[in-house]
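A.B. asks: structure for this input, please:
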Amino acid sequence: MKILEMIVMNEVIGIIIAAILCWLNFVIVDTYFGLPEQPGVRGASIIGKDVEKRGGDIAGGFFQGNILCSPDASAGTLLASIGYLLLGIPGGIIAAFLVFIGNRLCADPGYAGTCGSLTATAIIFLTSFIGLTPEMFIVGMVIAIFTIMGISQTGASKVLGNIAKKFNRHARE
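C.D. replies: You can find the predicted model right below:
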């Protein structure tokens with residue numbers, strides 16, 4: 001029974017570490033590429049302004065709108081995790097290509113999703129040496145997205161807005 005408990009605990013710790021790495025990857029990449037500054041697609045503008053009306057930060061709202069309406073680094077990180085699980089490093093690269101195509105279909109001029117896929121692939125590869133698995137990153141990315149979109153949209157928008165200010169990427173509206 002002790003062995004089973006150790007295995008479960010190691011998986012839980014691995015998922016927590018993967019969730020933190022996924023969150024950092026997609027928030028840093030998306031912020032660097034300017035998602036909080038302005039809406040990249042029309043739906044992002046509507047979401048950003050709605051979040052602001054409910055007491056949230058406009059930059060965080062634009063960030064949330066952009067990740068909801070177009071495949072940015074959050075989608076890239078999740079797809080890279082799935083691609084890596086299926087095919088290893090080539091799967092992560094294929095995911096980056098698919099996200100790139102998705103951005104073009106959404107008329108999104110950015111490259112955050114493509115970059116997020118590639119950085120996620122590198123992170124998964126590097127952390128595989130300490131025992132983290134692609135499955136942990138899939139679950140971790142779902143948790144990371146839930147913290148941004150599912151718990152409190154206005155609260156998360158304020159956190160994202162503060163991060164945007166630190167990166168000098170806050171909305172200019």
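
A.B. asks: mean pLDDT per helix and strand in this structure: which one sits at the bottom?
C.D. replies: helix 2-32 (a mean of 84; mean pLDDT, DSSP states H and E).

A.B. asks: list the buried ones in the following helix or strand past it?
C.D. replies: Remark: after helix 2-32, the chain's next helix or strand is helix 42-53, criterion DSSP states H and E. For helix 42-53, a neighbour-count test (16 or more other Cβ atoms under 10 Å) marks 44, 45, 47, 48, 49, 51, 52 as buried. (C-beta placed from N, C-alpha, C; glycine too.)

A.B. asks: just the CA atoms of helix 42-53, as CSV, please.
C.D. replies: The C-alpha coordinates for helix 42-53 follow below in CSV (Å, rounded to 0.1, in the frame of the first residue of the first chain):
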residue,chain,number,x,y,z
ARG,A,42,-13.3,41.1,-32.5
GLY,A,43,-14.6,38.7,-29.8
ALA,A,44,-11.7,39.6,-27.6
SER,A,45,-12.8,43.2,-27.5
ILE,A,46,-16.3,42.3,-26.5
ILE,A,47,-15.0,40.0,-23.7
GLY,A,48,-12.5,42.6,-22.5
LYS,A,49,-15.0,45.3,-22.2
ASP,A,50,-17.5,43.0,-20.5
VAL,A,51,-14.9,42.0,-17.9
GLU,A,52,-14.1,45.7,-17.3
LYS,A,53,-17.8,46.5,-16.8
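
A.B. asks: tell me the mean pLDDT for the helix or strand following that helix?
C.D. replies: Tracing the chain past helix 42-53, the next element assigned as helix or strand by DSSP H and E is helix 58-69. Per-residue pLDDT values across helix 58-69 average out to 86.
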